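A.B. asks: What follows is a predicted structure for the sequence shown.
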Amino acid sequence: MNAAGASPPGAATTAPVARSVEAALLVGEIERLGITHVLTVPDTHQKTLLALLAAREQPRLLTVCTEDEAIAINAGLYIGGQRPMLLIQNNGLLASLNALKAIALDARVPTLLLVGQFARDVTRPSAESPVRAVRMVEPTLATWGVPCYPIEGPEDLPRFAEAYQCAQEERGPAVVLLGAPTS
């Protein structure tokens, strides 16, 4: 600490940059938006959210094998008049960029993705993470022109609805990037 009480530049901090959002709050947002289906390749980062969704009849929780498959099923459900979304993790998002490009971007299918930041150190900003899958998600999405809505704590929850509206209005993908595991 210096005389002003601030840490010197470059000093490590242990205060969380990203804080947990209660799974029940996310379920409330999902219900409020009228989401009918949640497609998931299970994400340990969001296991409390998955547990709450699994205990409910609506929205319907569908577990799939790959993120590519989830993006394709999302398109089919959308075309069939449903209101689906994806619940995946950062590694899977990066693995599915070809499907995201072809289906969500090129075919202009609204695709809302709630993405957990697996392996994120919540005491540092994503951009400073030594983990490439954490550090490179936002720049990769920016390169592809995919809107990203980080949620670093409960106060950011309104971004979820903003992302949904963006996906619907722009007829394409929008990513909600969840910075800390759900509680």
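C.D. replies: Everything's here; your move.

A.B. asks: which residue ranges form the strands in the chain?
C.D. replies: With strands called from DSSP state E, the chain shows them at 37-40, 60-63, 84-89, 111-116, 148-151, 173-178.

A.B. asks: will you turn these into JSON lines that also has mean neighbour count?
C.D. replies: (Each C-beta comes from the backbone N, C-alpha and C, glycine too.) Shown next, in JSON lines, are the strands of the chain (neighbours: other Cβ atoms under 10 Å):
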{"stretch": "strand 37-40", "mean neighbour count": "23"}
{"stretch": "strand 60-63", "mean neighbour count": "15"}
{"stretch": "strand 84-89", "mean neighbour count": "26"}
{"stretch": "strand 111-116", "mean neighbour count": "27"}
{"stretch": "strand 148-151", "mean neighbour count": "20"}
{"stretch": "strand 173-178", "mean neighbour count": "27"}
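
A.B. asks: between those, which gets nearest to residue 69?
C.D. replies: Of all the strands of the chain, strand 37-40 sits nearest to residue 69, with 8.3 Å by Cβ to Cβ.

A.B. asks: For that closest one, list the C-alpha coordinates in PDB.
C.D. replies: C-alpha atoms of strand 37-40 as PDB (Å, rounded to 0.1, in the frame of the first residue of the first chain):
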ATOM      1  CA  HIS A  37     -36.200 -24.500 -23.900                       C
ATOM      2  CA  VAL A  38     -32.700 -24.300 -22.500                       C
ATOM      3  CA  LEU A  39     -30.200 -26.400 -24.500                       C
ATOM      4  CA  THR A  40     -27.100 -27.300 -22.600                       C
END
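
A.B. asks: related to what we said a few turns ago, among the strands of the chain, which comes closest to residue 17?
C.D. replies: When the strands of the chain are ranked by proximity to residue 17 (Cβ to Cβ), strand 148-151 comes first, at 10.5 Å.
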